[in-house]
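[1] Show me how the following folds:
(chains A and B)
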Protein chains: 2
Amino acid sequence: MIETKPIDGKAFAANLRARIAEQVADLVRTRGVTPGLAVVLVGEDPASQVYVRNKAAQTLEAGMASFEHKLPADTAEADLLALVARLNADPAVNGILVQLPLPGHIDSTKVLAAIEPAKDVDGFHVVNAGRLAVGLDALVPCTPLGCVMLLKHHLGNLSGLKAVVVGRSNIVGKPAAQLLLKEDCTVTIAHSRTRDLPGECRQADILVAAVGRPEMVRGDWIKPGATVIDVGINRVPKEDGKTRLVGDVAYGEAQGIAGLITPVPGGVGPMTIACLLQNTLTATRRQNGL
Amino acid sequence: MIETKPIDGKAFAANLRARIAEQVADLVRTRGVTPGLAVVLVGEDPASQVYVRNKAAQTLEAGMASFEHKLPADTAEADLLALVARLNADPAVNGILVQLPLPGHIDSTKVLAAIEPAKDVDGFHVVNAGRLAVGLDALVPCTPLGCVMLLKHHLGNLSGLKAVVVGRSNIVGKPAAQLLLKEDCTVTIAHSRTRDLPGECRQADILVAAVGRPEMVRGDWIKPGATVIDVGINRVPKEDGKTRLVGDVAYGEAQGIAGLITPVPGGVGPMTIACLLQNTLTATRRQNGL
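    Residues are numbered from 1 along each chain as shown, chains lettered A, B, ... in the order given. The predicted structure follows:
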């Protein structure tokens, strides 16, 4: 029987934020540069409001400047694009994040394309996706960046390990595959059309689940001793009528099989904002030629 | 015993070029638009001279305009960049190709980045790599585009097939993986650090070898009935002191095991220029809003 250890993403993220805060303080002291992150929220989606509040709070805690732009739900696309243009030109703003989803009358692809790639701390701009794809310095989407940080911290060198990424979104699956390839993993990308998904997963030394389907990955899909990174955050009903959060992996079933596994919540989740701060710091450094 | 059939890339490419020529004729007749391809060659590398000559000849045969720019080996980077800027601005030029390798004193990354992405018919610009990565319309590198065309022609729908790409170059391996993922294959990218390369290859319904090592993929690495796409073109010595071309796959050993296989020469090779013409036609259409 394998002793399955949880990966404490909350503690790792807190530690990462503390290290970032030190580097920010150093940047302010030695260069007089304070990294600034602008977050744009259109409309009043409750979940988005919570995210934006948390991002702003953690930005300030890290010693960075936070600029919040809250626009009404009926904001015209042209006005949003004009705001993005102003933020692109503002030297106090080193990172720009437009909170998704945007209201239906606004073309998200167009808005994301309007962000200056050097300030695109979400890493969603095609220039950053392309730079990642061809192996140049890029701003990388936060969640997969957090996954790979956790993996490197717990496993050390990933070279030669077999990684299976389940899910092929632009936000998680595809960039995760690129990052793992850069770490010299053998990488398989599996998805809804994959014929033998359990069989593919069973080969994984590193299994990344990013499909958004509650507990889809079962215990017997996991190779004994594998490291499991569960990116899913799914809210499911409990018997008492309330709800609970579960990942894309059946966490209970993974016990005694996986070597390491990220719990939900408290695994990958806390890494996302920490990596947003990391990206903002990285963007600030590059913009200042450091 | 499986009867292994060769994939005749030469015939397929000739057919593709004929279809392109028809579409070009139609574009000239109905819209008064003649697609134009500019090829820039710096220096006198003999292999590059042959490629450029073949490209120009096939461009003309397809009814397109060909603009050849041959510069001396000691051309300054700034002068090459100025030429690229002129071609970017020239409405008669729909596609621009800078023949690689460039002389050592010129930064290839910088030159490729200077090409207008809409005219980047080699598909090497980060914007095109990014558009491919996130699933937008892109100009895709010619060799992997040709591989996937051959696969779709011979296998039909690729959805759910297991594809293993050996090699992770920006020119072949990585874009081939992206294209196969777009066709809903389950995709594994293997490379020099892969621990069990034969074992990975043996799982492949579609095996793409793009490593540049003569006959590295052995017969017993191939799953019976698999389709093998051999991108390698390696020149090796013969006993009589002359040389011959071989691929990355041991072609003789694959007989009786593979279902379909591209020979070397005559398989993938002829597809590259045909796909360059296809990209030039695609670029011309998009630039004219068609």
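
[2] Spell out which residues of the stretch 51-200 of chain A are next to chain B.
    Proximity of the stretch 51-200 of chain A to chain B, by Cβ under 8 Å from any Cβ of the partner chain, involves residues A:109, A:125-136, A:159-160, A:162, A:168, A:170, A:174, A:177-178, A:181, A:184, A:186-191, A:193-195, A:200. The way it works is simple: take the backbone N, C-alpha and C, and place the C-beta from them, glycine included.

[3] repeat that for 6 Å
    Contact residues, the stretch 51-200 of chain A versus chain B (Cβ under 6 Å from any Cβ of the partner chain): A:126-127, A:129-131, A:133-134, A:159-160, A:170, A:181, A:184, A:186-190, A:193-195.

[4] Filter those down to the buried ones.
    Among those, those buried by neighbour count (16 or more other Cβ atoms under 10 Å in any protein chain shown) are A:126-127, A:129-131, A:133-134, A:160, A:170, A:181, A:184, A:186-190, A:193-194.

[5] returning to that earlier point: next step: the residues of the stretch 51-200 of chain A next to chain B restricted to strands.
    Using DSSP state E, the members of these that fall in strands are A:Thr186, A:Val187, A:Thr188, A:Ile189, A:Ala190.

[6] Quick one: these as CSV, columns for pLDDT and distance to A:Val268 too.
    Shown next, in CSV, are those (pLDDT from 0 to 100; distance: Cβ to Cβ, whole Å):
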residue, pLDDT, distance to A:Val268
A:Thr186, 98, 22
A:Val187, 98, 18
A:Thr188, 98, 20
A:Ile189, 98, 18
A:Ala190, 98, 18
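
[7] just the residues you listed now: which is nearest A:Ala113?
    Nearest to A:Ala113 among those: A:Ile189, at 24.7 Å, using Cβ to Cβ.

[8] quick one, what contacts the residue in the stretch 51-200 of chain A that chain B sits nearest to?
    Relative to chain B, the nearest point of the stretch 51-200 of chain A is A:Gly130 (2.8 Å; Cβ to the nearest Cβ). Taking Cβ atoms under 6 Å, 6 or more residues apart in numbering or on different chains, we find A:Gly130 in contact with B:Val126, B:Val127, B:Ala129, B:Gly130.

[9] and these, which two are the farthest apart?
    Maximum distance among the contacts of A:Gly130 (Cβ to Cβ): 7.4 Å, for B:Val127 and B:Ala129.

[10] contact partners of the longest helix belonging to chain A?
    For chain A, the helix with the greatest residue count under DSSP state H is helix A:9-31. For helix A:9-31, contacts defined as Cβ under 6 Å, 6+ apart pick out A:33-35, A:62-64, A:262, A:266-268, A:270-271, A:274, A:277, A:281.

[11] Give the buried residues for that helix.
    Residues of helix A:9-31 classed as buried: A:Gly9, A:Lys10, A:Phe12, A:Ala13, A:Leu16, A:Arg17, A:Ile20, A:Ala21, A:Gln23, A:Val24, A:Leu27 (neighbour count, 16+ other Cβ under 10 Å).

[12] picking that back up, which residue packs closest to the residue of the stretch 51-200 of chain A closest to chain B, ignoring adjacent ones?
    Beyond its immediate neighbours in the sequence, the residue positioned closest to A:Gly130 (Cβ to Cβ, 6 or more residues apart in numbering or on different chains) is B:Gly130, lying 2.8 Å away.

[13] Pull stretch A:167-174 out as CSV, backbone CA atoms only.
    In CSV, the C-alpha atoms belonging to stretch A:167-174 read as follows (Å, rounded to 0.1, in the frame of the first residue of the first chain):
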residue,chain,number,x,y,z
GLY,A,167,-8.1,18.3,-21.4
ARG,A,168,-6.9,20.6,-24.2
SER,A,169,-8.2,24.1,-23.3
ASN,A,170,-6.1,27.1,-24.2
ILE,A,171,-6.1,28.2,-20.6
VAL,A,172,-4.9,25.0,-19.0
GLY,A,173,-4.4,21.8,-21.0
LYS,A,174,-2.5,23.1,-24.0
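
[14] which parts of it are buried?
    A:Gly167, A:Arg168, A:Ser169, A:Asn170, A:Ile171, A:Val172, A:Gly173, A:Lys174.

[15] Over to stretch A:134-142?
    Of the residues in stretch A:134-142, A:Val134, A:Ala138, A:Leu139, A:Val140, A:Pro141, A:Cys142 count as buried by neighbour count, 16+ other Cβ under 10 Å.

[16] what does stretch A:94-111 contact?
    Contact partners of stretch A:94-111, identified using Cβ under 6 Å, 6+ apart, comprise A:35-43, A:48, A:52, A:73, A:77, A:80, A:87, A:115, A:119, A:121-122, A:280, A:283-284, A:287.

[17] mean confidence for that stretch?
    For stretch A:94-111, mean pLDDT is 96.

[18] what about that stretch, how long is it end to end?
    Stretch A:94-111 has an end-to-end distance of 17 Å (criterion: Cα to Cα, to the nearest Å).

[19] go on, stretch A:187-197?
    Taking Cα to Cα, stretch A:187-197 runs 14 Å from one end to the other.

[20] contacts for that stretch?
    A:163-166, A:168, A:177, A:180-181, A:200, B:159-160, B:181, B:184, B:186-189.

[21] 8 Å - rerun?
    With contacts defined as Cβ atoms under 8 Å, 6 or more residues apart in numbering or on different chains, stretch A:187-197 is touched by A:162-168, A:173-174, A:177, A:180-181, A:200-201, A:203-204, A:211, A:221, B:159-160, B:162, B:177, B:181, B:184, B:186-189.

[22] Which of those residues fall within helices?
    Cross-referencing the contacts of stretch A:187-197 against helices under DSSP H gives A:Gly173, A:Lys174, A:Ala177, A:Leu180, A:Leu181, A:Glu200, A:Cys201, B:Ala177, B:Leu181.

[23] quick one on the thing from earlier: so which of the contacts of helix A:9-31 is surrounded by the most neighbours?
    Neighbour count (other Cβ atoms under 10 Å in any protein chain shown) singles out A:Thr262 as the most crowded of these, with 31 neighbours.

[24] how much space is there between that residue and B:Glu239?
    58 Å (Cβ to Cβ, to the nearest Å).

[25] for A:Val28, same thing?
    Going from A:Val28 to B:Glu239 by Cβ to Cβ gives 71 Å.

[26] Just the CA trace of the helix or strand where A:Ala85 lies, in CSV.
    Per DSSP states H and E: A:Ala85 is located in helix A:77-89. Taking Å, rounded to 0.1, in the frame of the first residue of the first chain, the C-alpha atoms of helix A:77-89 are listed here in CSV:
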residue,chain,number,x,y,z
GLU,A,77,-16.8,47.2,-26.8
ALA,A,78,-15.2,50.3,-28.2
ASP,A,79,-15.0,51.9,-24.7
LEU,A,80,-13.4,48.7,-23.3
LEU,A,81,-10.9,48.7,-26.1
ALA,A,82,-10.2,52.4,-25.4
LEU,A,83,-9.5,51.6,-21.7
VAL,A,84,-7.2,48.7,-22.7
ALA,A,85,-5.3,51.2,-25.0
ARG,A,86,-4.9,53.7,-22.1
LEU,A,87,-3.6,50.9,-19.8
ASN,A,88,-1.2,49.7,-22.6
ALA,A,89,0.2,53.2,-22.7
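
[27] List the buried residues in it.
    Of the residues in helix A:77-89, those buried (16+ other Cβ under 10 Å) are A:Glu77, A:Leu80, A:Leu81, A:Leu83, A:Val84, A:Leu87, A:Asn88.

[28] try stretch A:93-102
    Across stretch A:93-102, burial judged by 16+ other Cβ under 10 Å covers A:Val93, A:Asn94, A:Gly95, A:Ile96, A:Leu97, A:Val98, A:Gln99, A:Leu102.
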